[in-house]
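Enquirer: A structural model of the following input is requested.
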Amino acid sequence: MDEAKQTGPRMIPDNRFQKGHLRWVFIIVLLGIAGGVAYWWFFMHNRVTTDNAYVKADTAQISARIAGSVLRILVDNDYPVQTGQVLVELDPAEYRALLDKAEGALAQAEAEVLAAEVAVAATDLQTAAQVEASESALQAARDKEREVRHRLEEIESKRLAVLADLKQTARDSSRFENLYRQGAGTERQQDQAMTAFKKARAQTGAVDAELAAARAALAAVSQEVERAAAQLQVARSDRYQVEIQRHRLAGLKGLRDKQKGEADAARLNLSYCTVVAPVSGYIAQKSIQVGDRIQPGQPIMAVVPLQDVYVEANFKETQLSHVRLGQPVVIKADIYPGQTYRGRVAGIRAGTGASFSLLPAENATGNWIKVVQRIPVRIKLDRPPPPERPLGVGFSLEVTIDTSDRSGPVLMDEIPYPSGRASAQEP
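Expert: From the prediction side, this is the model:
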């Protein structure tokens, strides 16, 4: 009975207590829903988030341009380097010998070019002088020929006059001889006529001899003209030697240019024995030691520009409906809890990640299951990460894009680098 009295009140339900408890539960549920709605509206509305994001950088793969043996290594993994800093030195002995050989061949080719230039100038002057002398000799021979012809014409005219005198004196001598025989003339007249006839005949003989000499002189002068003309042709033909030597000089200049190119190539290969950093950053993936024999294009290390890192976030295609270029981004790194980085959307890839994979999916064959694709989004940091909390390549991130402002474009409408040379700080 006592036990019934003690347990009895506990078994009787209190309706007022239950109603009050339910009311408070209802109020708490409403407050939770309101809080969730408020949180979604103020913190999740117009925001897309993904943890499929990683730090990227335009890493410079360092390789040698020539084959050679490693002589010195001046850096190691994690070393900071600046643009132009020497990283590796290869043994230059072989390439220095090749440069000396090429420079020797170039010096010889240049000497041959100089000698050929002097020969061309000398031949040009000599043949020009020969042509000029031959032309003068030909002109002189022709002038002499004209003079002899003129003299021959004078002698021929003189001979005509002498022949006329000879005929006249012959007639006078014959007439006075007949008159003398008939007794009509005197002996003196006959002697005078005979003397005039002999004199005219002697003059005719002298003129004939002079005419023969003039004709012989004309023949000799004509031969001289022919010889002078032939010599002129020879001198003019010698002028072709100048053209031949000029073409030979052009060939020697071409050979010299070839030797110069080989010397420049040898000098360039010698400079390649010193491997320098193309960008500033930190050394990674060093894979060589002193004495190693490396080949052209063989990766020997990498330079990671940590000051120019960017973020590549792989969003689902359903999350990118309102994503635009220039929208602000909040970035959190798994390695630094509580640290926040800020950036902006710099680019949306022109295809899904699967489209550019090594073995893209072939959805036109076999059974097909729809899979939401991922699209890489490039994010540029507003400022470089602080030195005390740098972002290394491949770090895992959580990225949130604020899509409130949708005025920006989805794709770039112009090339951001008209000169074609992008800065390492730009996306």
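Enquirer: Am I right that residue 157 sits in a helix?
Expert: Yes. Residue 157: assigned to a helix according to DSSP: H, G, I helix; E, B strand; the rest coil.
Enquirer: Please shift the residue numbers so they start at 31 in all later answers.
Expert: Sure thing, new numbering starts at 31, so read that last one as residue 187.
Enquirer: confidence score at it?
Expert: Here, the pLDDT recorded for residue 187 equals 80.
Enquirer: Does residue 183 lie in a helix or a strand, and which?
Expert: helix 123-212 (DSSP states H and E).
Enquirer: Toward the C-terminus, what is the element adjacent to the helix or strand hosting residue 232?
Expert: Residue 232 is part of helix 217-301, with elements assigned from DSSP H and E. Using DSSP H and E, the helix or strand that follows helix 217-301 in sequence is strand 304-306.
Enquirer: Now find how far off-centre that next one is within its chain.
Expert: Remark: strand 304-306 is offset 23 Å from the chain centroid, using Cα atoms, centre = their mean, to the nearest Å.
Enquirer: got it, and stretch 416-436?
Expert: 42 Å.
Enquirer: So in that sheet, which strands flank the host helix or strand of residue 376, and in what orientation?
Expert: Using DSSP H and E, residue 376 falls within strand 370-378. Strands that pair with strand 370-378, judged by DSSP bridges, come out as strand 358-363 (antiparallel), strand 404-411 (antiparallel).
Enquirer: mean confidence score for the last one?
Expert: Meaning strand 404-411. Per-residue scores along strand 404-411 average to 94.
Enquirer: and the most centrally placed residue in the chain, what is it in contact with?
Expert: Taking Cα atoms, centre = their mean, the centroid of the chain lies closest to residue 291, which sits 13.1 Å from it. Applying Cβ atoms under 8 Å, 6 or more residues apart in numbering to residue 291 gives no contacts. Backbone N, C-alpha and C define where each C-beta goes, glycine included.
Enquirer: try 10 Å
Expert: 132, 136 (Cβ atoms under 10 Å, 6 or more residues apart in numbering).
Enquirer: How about residue 273?
Expert: Contacts of residue 273 by Cβ under 10 Å, 6+ apart are 150, 153-154.
Enquirer: Spatially, and excluding backbone neighbours, which residue is closest to residue 188.
Expert: residue 237 (5.6 Å; Cβ to Cβ, 6 or more residues apart in numbering).
Enquirer: Apologies, that question was intended for residue 120.
Expert: Residue 120 sits nearest to residue 98 (Cβ to Cβ, 6+ apart), 3.5 Å away.
Enquirer: The one you found - how many residues pack around it?
Expert: 24 (other Cβ atoms under 10 Å).
Enquirer: so it sits right up against residue 303, yeah?
Expert: Yes. The criterion here is Cβ atoms under 10 Å, and residue 98 meets it with residue 303 at 6.3 Å.
Enquirer: Pull up the overlap in contacts between those two.
Expert: Joint contacts of residue 98 and residue 303 (Cβ under 10 Å, 6+ apart) are 118-125.
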